[in-house]
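Asks: Sequence below, structure please.
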Amino acid sequence: MTRAEQVAWQSATVVHLTRLIGVVWACLLVGLSRATHHRVLNPQPRFIGPLPKPQHPAELDETERAAIITLLTSEEYAEMSVHQVWARELDEGRYWGSPRTMYRVLADAKLGGERRRQATHPPRVIAHAPMVAWSWDIRGGEGPAKGIWYHAYVVIDIFSRYVAGWRIEAIEDGDLAAELVADIVEEQGRPPAYLHADGGAAMTSKPLASLLVDLDVRKSHNRPRTSNDNPFSESQFKTMKYQPDYPERFASIGEARAWMNEFTNWYNHEHRHSGIGLHTPASVHYGTAVEIRDGRQRTLDAAYRAHPE
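Replies: Below you'll find the predicted structure:
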């Protein structure tokens, strides 16, 4: 009698004895472990080849994955990051999956882009509400010929990232900067408590300094030889220059102003900013972000109820 036959006979004997003395004493009497007896009664199916991959209850099927690929590669979203698409769709009441799930679907389809670690810059000024602190800077864009530059003066609200005002000029000048700040204060109805900038000539000019004294606005500047003390404006300009339609050169100052006007409207009212919970700057600046956040939560709750797994 082989070992397999002996185990089978012992297990059959245990089955008969179990009715009289129980499985524990039956196994002891026959000399068979309960684990072996259990395996004989409940044999595992045998597979030829690799075992099938276990599937998680919440794993997307092929139709759902194809729908995500179609969404992310659509003409509307093809040039946006996954988080931008996720936030926009959530605002519309549609939940396709978490941003991480979308990234995995893209990676499986060989459509994932580069994921370099981005440097983080400590903020010099922190705001806890709109109209508390502004940040501003000047960035040049190339004109139609070598040596011709158009300089963008941009002022943003640190709390909401809202572009409060801008202008494009052919030169960097303190008087122009002071005029811009005065126009923004008049439009907004009140000045901020702080205005932060780097140590450029226009930022430290007497016309601007005098205006800030009159408005009772405290000014701050980057620390010496510290280029990352103004991360809010730096981030805004990076977003601007990374736009797909940002031209290599502007044909005229009028074209530069027209492009900047279109970009600012998009940045304030459409761009979901990663630094403010993927809300638009205008939504945070004017206080509608709470309603949008509640709407997103209702969409997420509905998605959870549909798939609690």
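
Asks: from here on, contacts and neighbour counts on C-alpha atoms
Replies: Noted.

Asks: Please name the residues that touch residue 172.
Replies: Residues in contact with residue 172 (Cα atoms under 8 Å, 6 or more residues apart in numbering) are 138, 151, 202.

Asks: Please report phi then psi for it.
Replies: phi -100, psi 120 (degrees, to the nearest 10).

Asks: Same question for residue 247.
Replies: Dihedral angles for residue 247 - degrees, to the nearest 10 - are phi -80, psi 150.

Asks: That one: neighbouring residues, count only.
Replies: Around residue 247 there are 14 other residues, counting by other Cα atoms under 10 Å.

Asks: Likewise for the one 3 residues further on?
Replies: Other residues lying near residue 250 total 20 when counted by other Cα under 10 Å.

Asks: how far away is it from residue 195?
Replies: 30 Å (Cα to Cα, to the nearest Å).

Asks: what's the answer for residue 276, then?
Replies: Taken as Cα to Cα, the span from residue 276 to residue 195 is 20 Å.

Asks: Kindly report the same for residue 71.
Replies: 41 Å.

Asks: any chance you could map the helices in the stretch 151-300 of the chain?
Replies: 174-188, 206-215, 231-241, 253-269, 281-285, 289-306 (DSSP state H, counting those that start in this stretch).

Asks: Pick the most buried one from the ones you listed.
Replies: helix 281-285 (a mean of 22; mean count of other Cα atoms under 10 Å).

Asks: Against which helices or strands is that helix packed?
Replies: When contacts are defined as 3 or more Cα pairs under 8 Å, 6 or more residues apart in numbering; DSSP states H and E, helix 281-285 packs onto helix 253-269.

Asks: Run through the chain and note the low-pLDDT ranges.
Replies: 47-48, 113-124, 227 (pLDDT under 70).

Asks: all strands of it, in order?
Replies: Listed in chain order, the strands of the chain (DSSP state E) span 133-142, 149-157, 163-169, 194-197, 218-221.

Asks: Output those in a markdown table, with distance to residue 32 appended to each entry.
Replies: As requested, the strands of the chain are arranged in a markdown table below (distance: least, Cα to Cα, whole Å):
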| stretch | distance to residue 32 |
| --- | --- |
| strand 133-142 | 79 |
| strand 149-157 | 77 |
| strand 163-169 | 79 |
| strand 194-197 | 81 |
| strand 218-221 | 82 |
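
Asks: a markdown table for the ones you listed, including mean neighbour count and distance to residue 19?
Replies: A markdown table is the format used below for the strands of the chain (neighbours: other Cα atoms under 10 Å; distance: least, Cα to Cα, whole Å):
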| stretch | mean neighbour count | distance to residue 19 |
| --- | --- | --- |
| strand 133-142 | 22 | 83 |
| strand 149-157 | 23 | 81 |
| strand 163-169 | 21 | 82 |
| strand 194-197 | 23 | 86 |
| strand 218-221 | 17 | 88 |
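
Asks: closest to residue 16 out of those strands?
Replies: Closest approach to residue 16 among the strands of the chain is made by strand 149-157 (82.6 Å; Cα to Cα).
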